[in-house]
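J.: give me the fold of what follows.
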Amino acid sequence: MSSRPDAPDETALVEALKRGDDDAWVSVIRDLGGRLLAVARRFVRGDDEAEDVVQEAFLQAYKNIDRFEGGSRLSTWMHRIVVNAALMRIRKKSRTKEVSIEDLLPRYKDDGHRVEVGEAWTERGEDVAMREELRRTVRDAIDRLPENYRNVLLLRDIEQLDTAETAEILDISVNATKTRLHRARLALRELLDPHMQGDAA
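T.: Below you'll find the predicted structure:
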């Protein structure tokens, strides 16, 4: 179905959704389905599981649309539902063993210098980053982060949501979001360091 030139604004769309307008729901699925599927894929493995998450999310949205009060964008509300559906699914399954975030962060001496300073990531490492095997390495490293940090990293750096939207979806403060993101990035770099350092010249 092609996008209608006279598509209603969000307020009118939400009113139609609350009336149970099938065309309005089709419009939402068409407009947000792809983006929400991409979100689900960041959290779960496999297209089938991601599709199940999105389907569950749309069913929850359909049942709870009357609770949507317009305090945020409809897409943000749907994102939160997808993330929550994905997280609930993840918690029911065994995942890669997580380690403490403290074990993943760089260590510093009393004088402020790092205990261990890895080599700078080289051009060779940056080139390798484009390869599929490193993508898997990055994803595996992200999976090792504690859930609270992993989720912030996925939403901010992978899904590229802004800080306020990420905070809203995860129901935490903006400051907490910034702190977790900073620590998650540091931890991820530590995990990836051995894979990103090039051979010595």
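J.: C-alpha only now, for contacts and for neighbours.
T.: Noted.
J.: please parse this structure into its domains.
T.: Domain assignment of the chain by automatic domain parsing yields the ranges 10-91, 101-196.
J.: return the member of these having the minimum mean pLDDT.
T.: Lowest mean pLDDT within those: domain 101-196, at a mean of 77.
J.: now the helices: where do they sit in this structure?
T.: For the chain, the helices defined by DSSP state H occupy 10-18, 22-43, 47-64, 74-91, 101-104, 123-128, 132-144, 147-153, 163-170, 174-196.
J.: so residue 47 is in contact with residue 41, correct?
T.: Yes - counting by CA atoms under 8 Å, residue 41 is a contact partner of residue 47 at 6.9 Å.
J.: have a look at these two and say which one is more surrounded.
T.: residue 41 (19 against 13; other CA atoms under 10 Å).
J.: what is the burial count for the closest residue to the more buried one other than its chain neighbours?
T.: Excluding the flanking residues, the one nearest residue 41 by CA to CA, 6 or more residues apart in numbering is residue 50, at 5.3 Å. Neighbour count for residue 50, taken as other CA under 10 Å: 23.
J.: try residue 189
T.: Neighbours of residue 189 (other CA under 10 Å): 18.
J.: next one: it from residue 145, what distance?
T.: Distance of residue 189 to residue 145, computed by CA to CA, to the nearest Å: 11 Å.
J.: who touches both of the two?
T.: Residues touching both residue 189 and residue 145 (CA atoms under 8 Å, 6 or more residues apart in numbering): there are none.
J.: what about the closest residue in space to residue 60 that isn't next to it in sequence, how many neighbours?
T.: Excluding the flanking residues, the one nearest residue 60 by CA to CA, 6+ apart is residue 81, at 7.5 Å. Residue 81 has 22 neighbouring residues, counting by other CA under 10 Å.
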